[in-house]
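Colleague: Sequence first, predicted model second:
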Amino acid sequence: MELRTARLRLREITEEDAPAIHSHERLIEVMRYTPNAPRTLEETLARIRLGLADAAESPRHVFDFAMELEGQLIGRVGCRVLEVPSQGTIWWICHPDHQGRGYSTEGITAVIDFAFSTLALHRVYAEIDPRNAASLRVAEKLGLRREAHLRECEFMQGEWVDSVLCATLAREWIAARAKPL
Ligand SMILES: CC(C)(COP(=O)(O)OP(=O)(O)OC[C@H]1O[C@@H](n2cnc3c(N)ncnc32)[C@H](O)[C@@H]1OP(=O)(O)O)[C@@H](O)C(=O)NCCC(=O)NCCS
């Protein structure tokens, strides 16, 4: 499976991607507001293998794409279809060398398009640590609505953390994208 944007190729992740993915997963500043501490190369490879098993499920629930720029893996964007009917969670992560150039917003836009068209989902949402200003900005640029601020709802990396739920419905997304610039 593959998605294309103006600048990016979104493709399936393979075991060979472990060193490239590890180059950002080993960094504290990248993993700071995610559920996971920085990973060793072995942990990254193990996580990729779990992802490959997820991808092989039928029906498939997890669509985790490598974000590739001119042949180089620069991050990941994805969507998990939930057991709640027609809903999905989305995520984005980008290597610091490539941040601030709109790649995550561009990549996750294609994933949301895919979620609403191909997967026919009704609603997607992201869960964002409110201290993660860059991620909140991505959600804002996407036009996601801030629906809730949950207090200390998750225990991640040794602390209770808040989570901001940012969501959009299929009809809102499609209407916003149809508006002339
Ligand atoms: C969040 C993340 C994926 C954004 O990736 P990116 O490719 O830089 O995203 P974009 O370039 O599309 O947009 C980032 C926006 O945040 C802004 N931004 C960056 N740091 C910021 C900060 N500290 N405060 C406010 N805005 C900030 C950028 O200026 C940009 O907005 P702009 O286009 O209006 O200038 C990246 O920072 C990252 O990988 N972080 C670590 C992993 C992570 O937290 N993932 C999300 C978990 S919910």
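Modeller: It's in.
Colleague: tell me which residues in the helix or strand of the chain with the lowest mean pLDDT are buried?
Modeller: Here the helix or strand of the chain ranked lowest by mean pLDDT, DSSP states H and E is helix 170-178, holding a mean of 94. Residues of helix 170-178 classed as buried: 170, 173 (neighbour count, 16 or more other C-beta atoms under 10 Å). From N, CA and C alone the C-beta is placed, and that goes for glycine too.
Colleague: Give me the contacts around that helix.
Modeller: When contacts are taken as C-beta atoms under 8 Å, 6 or more residues apart in numbering, the neighbours of helix 170-178 outside the stretch itself are 112-113, 116, 121-123, 143, 145.
Colleague: swap in stretch 69-79?
Modeller: With C-beta under 8 Å, 6+ apart as the test, stretch 69-79 has contacts from 7-8, 10, 13, 17, 20-21, 24, 62-68, 88-95, 97-98, 103-104, 107-108, 110-112, 114-115, 119, 121, 124.
Colleague: about what we covered before: which of the contacts of helix 170-178 are buried?
Modeller: Burial by neighbour count, 16+ other C-beta under 10 Å: within the contacts of helix 170-178 this picks out 112, 116, 121, 123.
Colleague: Give me the distance between A6 and the ligand.
Modeller: Per C-beta to the nearest ligand atom, to the nearest Å, A6 is found 13 Å from the ligand.
Colleague: Sorry, wrong one. I was asking about M156.
Modeller: As defined by C-beta to the nearest ligand atom, M156 lies at a distance of 11 Å from the ligand.
Colleague: and the most centrally placed residue in the chain, what is it in contact with?
Modeller: The residue at the geometric middle of the chain, judged as the C-alpha nearest the mean C-alpha position with C-alpha atoms, centre = their mean, is W91 (1.8 Å). Contact criterion C-beta under 8 Å, 6+ apart gives 76-79, 108, 126 as the residues in contact with W91.
Colleague: between these, which is nearest the ligand?
Modeller: Nearest to the ligand out of these is A126 (C-beta to the nearest ligand atom; 6.0 Å).
Colleague: This completes my enquiry, with thanks.
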